[in-house]
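In: pasting a predicted model and its sequence here:
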Protein chains: 2
Amino acid sequence: MPEPISDFYAVIPAGGIGSRLWPLSRADAPKFLHDLSGSGQTLLRDTWDRLEPLAGADRISVVTGRAHRAAVEEQLPGIPDENVFLESEPRDSAAAIGLAAAILHHREPDVIIGSFAADHVIRVPHLFDWAVRQAVETARKGYVCTIGIQPSEPSIGFGYIKKGDGVVIDGAPEAALVQSFVEKPDFETAKAYFADRSYLWNAGMFISRADVLLAEIEANQPELHAGLMELAEAWDDRERRGPVVDRVWPSLTKIAIDYAVAEPAAAKGRLAVIPGHFDWDDVGDFASLAKLNSHGRHNDLAILGENARILSDAASGIVVSQTSRVISLIGVRDIVVVDTEDALLVTTSENAQRVKGVVDALKLSGRGDVL
Amino acid sequence: MPEPISDFYAVIPAGGIGSRLWPLSRADAPKFLHDLSGSGQTLLRDTWDRLEPLAGADRISVVTGRAHRAAVEEQLPGIPDENVFLESEPRDSAAAIGLAAAILHHREPDVIIGSFAADHVIRVPHLFDWAVRQAVETARKGYVCTIGIQPSEPSIGFGYIKKGDGVVIDGAPEAALVQSFVEKPDFETAKAYFADRSYLWNAGMFISRADVLLAEIEANQPELHAGLMELAEAWDDRERRGPVVDRVWPSLTKIAIDYAVAEPAAAKGRLAVIPGHFDWDDVGDFASLAKLNSHGRHNDLAILGENARILSDAASGIVVSQTSRVISLIGVRDIVVVDTEDALLVTTSENAQRVKGVVDALKLSGRGDVL
């Protein structure tokens, strides 16, 4: 077992609900609290287990909503109290990661933080380790560093990072500058990216010295930075934290870390990237979940649910069963069926991205009880 | 209000489960106990209401399984006790209708019986009346008479009756001999039948003097006839009925009335037919149910269920909702979703006939609890 990386602190933002996975993902049972990879445990716990060898059990923090505190602590019984950073309401990723950076920097000025989503699936952990260790060495040199996934196919479902010139860093032979970020492409473009090999999937992983990250936020979002500083300064004072959080947190600028940090840093040549050679998926929708759980066989119906009672004639697609109901599928292909106690979804893989629209429609039509 | 027809007795065989409508239809909630037409009451009650003006409330009998006695009496509070004929186990339609014929003949030798399924949908009752009144007049002359539905489209889902020469009968201007029965055709043949106009849908309605019907059974199925006679003779004797039923009923030949009576009678020129000009459907599967409940609009999602909470984007097909769950359909067409407390079916209109196979598979795989 290799030693944890010195000066390193892992941060797990555990925020998003995962609306494209409704009705499996809910406000009170967000994506990161489900076992979507077939590992037998939640994605959050998988994330923790991946990070523990890199950071150590007492150096992993989680940023989550107050409503999820109990669930997070149940999933991560080893987490020290002071490593759970609670948001009183969601303020997007720059605030969440910035809060962790500010608190940890206040506690430990030289700390290097690495932020990894709570709800992604990663296989082949030693390749993940290798990428993170390179990223930390790159961060030590003052870069903000991301890990871009080497594509395994021409996907149109992810944004891309265009890798530029290499940078010479001890312990990070694959480090390169980020030339630019590219939005989700069409299929022809995705094929060209795939052939090119210098385009990597943007997996939203950021590794940086906390002071460097905060300086980027200060340069690009000074008001957000001021708020984060005020929060960090009061955080570890039991009496002051509450009033400061109540006053400051709701006023923080809502912005994604991509815009507050990554893109400006890239423009200045201060964003580096390490290619990740591990299997990665953000499980963005049911089509992705189907693929992830069909054992790579295209004509296999993926089934999620410990007590699933399925009767199906070779349908492809996915069934998520959270009830004891018998589910019978006849003559349907690429079908998505999600059966929960209070809501049922029937769609197709092709329409998987449109599930978020249902969530919006349910809100608008006053049926938020099933969200 | 016209008078009930003299000497007439209506018989409602309420037997089949309707396996092609699983999981809506069940052993303990067969098709005839559901509101499938949107009338607000069960098909059985609809059937009763159609027959009452023709026969009178005290001259409608129901042949059903012991398990359904309570449900039948609840649906038909006006039915006299002596008009409920209970089968100890299903022995097919010749035994069921033959039993009613034998008992009613024993009680009233000149009675004319008309047998009408408990689970068909008929619209435009006065056209039904007119067909039945003609059929009874035809039956008085010694014919076994059926009512064949004038097709409203070239259906491949029904068997056909080929109408032959007309017969001259007072009060039955449309009576004709049946030339032959034809199995469910392919679509080309169905189109030819539809253009021809002398092919009618076989709706399984039989009207006959009880003695004529019994004579046909005697000629074609003498053992069945002997058993029915023995049952009828003992039926109204409270002490003798039980032991005779227990001994004789399970031994009766299992055969459809089509083979025991209709086809042989047709071959001898003793089967007449009256064309029915009313809307009729046997609601044989979910495709048929969808059509029946989509108000004739092809691109309309049919919804069954008083408390249905459906969120759907213009899908066609049918949703049957027996729970309080929100059901969301995205991007699916001609879909069939049947949501019940313990079983869920997802298929397409095209595959509707294959639902029966699921019921068989559930039996074989030991999941009969949901049948």
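Out: Structure's in. What do you need?
In: where in the stretch 1-150 of chain A is pLDDT low?
Out: A:1 (pLDDT under 70).
In: in it, which residue sits closest to chain B?
Out: For the stretch 1-150 of chain A and chain B, the shortest gap (Cβ to the nearest Cβ) falls at A:Pro23, measuring 7.7 Å. (Glycine included, C-beta is placed from N, CA and C.)
In: contacting residues around that residue?
Out: A:Val338, A:Thr340, A:Asp342, A:Ala343, A:Leu344, A:Leu345, A:Val370, B:Val326, B:Ser328 (Cβ atoms under 8 Å, 6 or more residues apart in numbering or on different chains).
In: can you select the buried ones among those residues for me in PyMOL?
Out: Command for PyMOL that selects the buried part of those, burial taken from 16 or more other Cβ atoms under 10 Å in any protein chain shown:
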select buried, (chain A and resi 338+340+343+344+345+370) or (chain B and resi 326+328)
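In: I'd like the contacts of A:Pro23 as a markdown table, with pLDDT, distance to B:Pro154 and secondary structure appended.
Out: Below are the contacts of A:Pro23 laid out as a markdown table (pLDDT from 0 to 100; distance: Cβ to Cβ, whole Å; DSSP: H, G, I helix; E, B strand; the rest coil):
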| residue | pLDDT | distance to B:Pro154 | secondary structure |
| --- | --- | --- | --- |
| A:Val338 | 97 | 39 | strand |
| A:Thr340 | 96 | 42 | coil |
| A:Asp342 | 94 | 43 | coil |
| A:Ala343 | 95 | 40 | strand |
| A:Leu344 | 97 | 36 | strand |
| A:Leu345 | 97 | 37 | strand |
| A:Val370 | 82 | 43 | helix |
| B:Val326 | 93 | 39 | strand |
| B:Ser328 | 94 | 36 | strand |
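In: closest one of the contacts of A:Pro23 to A:Ala272?
Out: Closest approach between these and A:Ala272, by Cβ to Cβ: A:Val338, at 39.7 Å.
In: the closest one touches A:Leu344, doesn't it?
Out: Yes: assessed by Cβ atoms under 8 Å, A:Val338 is found in contact with A:Leu344 at 7.0 Å.
In: beta partners for A:Asp279?
Out: Note on A:Asp279: beta-bridge partners by DSSP bridges are A:Arg123.
In: OK, contacts around the residue nearest the centre of chain A?
Out: Residue closest to the mean C-alpha point of chain A, counted by Cα atoms, centre = their mean, is A:Ala117 at 2.4 Å. By Cβ under 8 Å, 6+ apart, A:Ala117 lies in contact with A:Ile12, A:Pro13, A:Thr47, A:Ala203, A:Gly204, A:Met205, A:Asp282.
In: before we move on, what about A:Arg91?
Out: Here A:Arg91 is in contact with A:Trp249, A:Pro250, A:Leu252, A:Thr253, A:Lys254 (Cβ under 8 Å, 6+ apart).
In: write the ChimeraX selection for whichever of those residues are buried.
Out: Of the contacts of A:Arg91, the buried ones go into a single ChimeraX selection, burial set by 16+ other Cβ under 10 Å:
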select /A:249,252,253
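In: keep only those of the contacts of A:Arg91 that are in strands.
Out: Judged by DSSP state E, these include no members of strands.
In: with adjacent residues omitted, what lies nearest to the residue in the stretch 101-250 of chain A positioned nearest to chain B?
Out: Closest residue of the stretch 101-250 of chain A to chain B, Cβ to the nearest Cβ: A:Gly157 (17.1 Å). Distance criterion Cβ to Cβ, 6 or more residues apart in numbering or on different chains; nearest residue to A:Gly157, sequence neighbours excluded, is A:Gly284 at 6.1 Å.
In: also A:His277?
Out: Nearest residue to A:His277, sequence neighbours excluded (Cβ to Cβ, 6+ apart): A:Leu127, at 4.9 Å.
In: and that neighbour, helix, strand or coil?
Out: When classified by DSSP: H, G, I helix; E, B strand; the rest coil, A:Leu127 comes out as helix.
In: so what's it up against?
Out: Going by Cβ under 8 Å, 6+ apart, A:Leu127 touches A:Gly276, A:His277, A:Phe278.
In: pretty sure the first one contacts A:Ile149?
Out: By that I understand A:Gly276. Yes: between A:Gly276 and A:Ile149 there is a contact under Cβ under 8 Å: 4.7 Å.
In: residues from chain A in reach of chain B?
Out: Taking Cβ under 8 Å from any Cβ of the partner chain as the test, the list of chain A residues beside chain B reads A:23, A:309, A:311, A:324-332, A:335, A:337, A:339-348, A:350-351, A:354-355, A:357-358, A:361-362, A:365, A:367, A:370.
In: now these: which count as buried?
Out: A:23, A:309, A:311, A:325-332, A:335, A:337, A:339-340, A:343-348, A:351, A:355, A:357-358, A:362, A:367, A:370.
In: quick one: residues contacting A:Ser61.
Out: Residues counted as contacts of A:Ser61 (Cβ under 8 Å, 6+ apart) are A:Tyr9, A:Ala10, A:Val11, A:Ile12, A:Asn83, A:Val84, A:Phe85, A:Ala100, A:Ile103, A:Leu104.
In: so can I have a markdown table of those showing secondary structure?
Out: Below are the contacts of A:Ser61 laid out as a markdown table (three-state DSSP):
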| residue | secondary structure |
| --- | --- |
| A:Tyr9 | strand |
| A:Ala10 | strand |
| A:Val11 | strand |
| A:Ile12 | strand |
| A:Asn83 | helix |
| A:Val84 | strand |
| A:Phe85 | strand |
| A:Ala100 | helix |
| A:Ile103 | helix |
| A:Leu104 | helix |
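In: hmm, back to that, overlap in contacts, A:Gly276 and A:Ile149.
Out: Here A:Gly276 and A:Ile149 have A:Leu200, A:Ala203 as joint contacts, going by Cβ under 8 Å, 6+ apart.
In: ok so, going back, which of the residues of chain A next to chain B fall in helices?
Out: Judged by DSSP state H, the subset of the residues of chain A next to chain B located in helices is A:Val355, A:Gly357, A:Val358, A:Ala361, A:Leu362.
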